[in-house]
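Undergrad: return atomic coordinates for the entry below.
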Amino acid sequence: MNRYGKWSRSLSLASVLAMGFYCLLAWYLFYRYNRLFDAGYTSLDVSMCGGCMQYFIWFGAGLAGCLFIGSADDESRVHRAGVWGVLQCFTAWVLAYPAAFLGKMNDGSGLMFIFFAPLATLPSFAVALILGMSLNISKSPESYFRPRLFCFLVILAFMVITLSAFLSAEIVAAA
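TA: Numbers count the residues shown, from 1 in each chain. Down below sits the predicted model:
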């Protein structure tokens with residue numbers, strides 16, 4: 001096996017782990033927000049942080065899923081689609097509460113978003129499924145490398161944007 005074959009498998013695993021770490025980061029930021037709010041930082045505006053999590057549930061997970069599902073053979077695509085569907089549904093459910101709370105969805109839409117988060121991610125999963133199944137990748141290991149890398153980078157970009165939005169709100173509130 002050449003170097004691309006090992007990297008594409010490693011990047012697939014890294015993408016799955018990145019989704020888990022994004023959930024952990026969201027809950028850590030939610031916990032930190034509550035601690036700062038209790039400490040008297042009432043002007044902490046983290047609505048951009050919650051909005052980034054909402055956009056990940058609506059669009060980002062579907063974009064990453066399209067890149068994750070694409071494979072050379074049909075059986076592998078079906079397995080990857082099943083894994084990504086479960087992962088995307090679980091991630092949406094876990095991210096929904098911090099996204100609604102940090103996104104300041106106080107008018108009832110936040111509660112609706114929390115309860116129906118897996119349904120909110122269904123359209124992006126459907127698009128990812130259609131595009132991922134129609135993505136015809138050749139059987140060379142080099143062709144697996146780029147989609148897996150871009151999938152990981154999409155998830156990583158949302159993580160960095162969410163963290164930087166929270167840190168910038170924290171800096172503004174401390175000034």
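
Undergrad: distance of the nearest residue to Phe37 once chain neighbours are set aside from Met53?
TA: The shortest distance from Phe37 to any residue other than its chain neighbours is 6.5 Å, reached at Leu44 (C-beta to C-beta, 6 or more residues apart in numbering). For the C-beta atoms, the positions are set from N, CA and C on the backbone; glycine is no exception. The gap separating Leu44 from Met53 is 16 Å, by C-beta to C-beta, to the nearest Å.

Undergrad: one more: Thr42?
TA: 22 Å.

Undergrad: quick check: phi and psi at Gly40.
TA: phi 110, psi 0 (degrees, to the nearest 10).

Undergrad: report the separation between it and Ala174.
TA: Distance from Gly40 to Ala174, by C-beta to C-beta: 11 Å.

Undergrad: tell me the helix or strand right after the longest helix anywhere in the chain.
TA: In the chain, assigned by DSSP state H, the helix with the most residues is helix 3-38. Per DSSP states H and E, the first helix or strand lying C-terminal to helix 3-38 is helix 47-55.

Undergrad: what residues does that next one touch?
TA: With contact meaning C-beta atoms under 8 Å, 6 or more residues apart in numbering, helix 47-55 is reached by 26, 29, 95, 98-105, 113, 158, 161-162, 165-166, 169.

Undergrad: and the angle for the helix or strand just after that helix with helix 47-55?
TA: For helix 47-55, the following helix or strand on the C-terminal side (DSSP H and E) is helix 61-69. Helix 61-69 runs at 50 degrees relative to helix 47-55, counting by axes from the mean of the first three to the mean of the last three C-alpha atoms, to 10 degrees.

Undergrad: gap between helix 61-69 and the chain center?
TA: Helix 61-69 has its C-alpha centroid displaced from the chain centroid by 10 Å (C-alpha atoms, centre = their mean, to the nearest Å).

Undergrad: not counting its own residues, what contacts it?
TA: 12, 15, 19, 77, 80-81, 84, 88, 91-92, 121, 123-125, 127-129, 131-133, 135, 147-148, 150-151, 154-155.

Undergrad: which of these are buried?
TA: 12, 15, 19, 77, 80-81, 84, 88, 91-92, 121, 124-125, 128-129, 131-133, 147-148, 150-151, 154-155 (16 or more other C-beta atoms under 10 Å).

Undergrad: helices - which of those residues land there?
TA: Filtering those for helices - DSSP H - leaves 12, 15, 19, 77, 80-81, 84, 88, 91-92, 124-125, 128-129, 131-133, 147-148, 150-151, 154-155.

Undergrad: just confirm Pro98 contacts Tyr28, I think it does.
TA: No: Pro98 is beyond contact range of Tyr28, at 9.1 Å (criterion: C-beta atoms under 8 Å).
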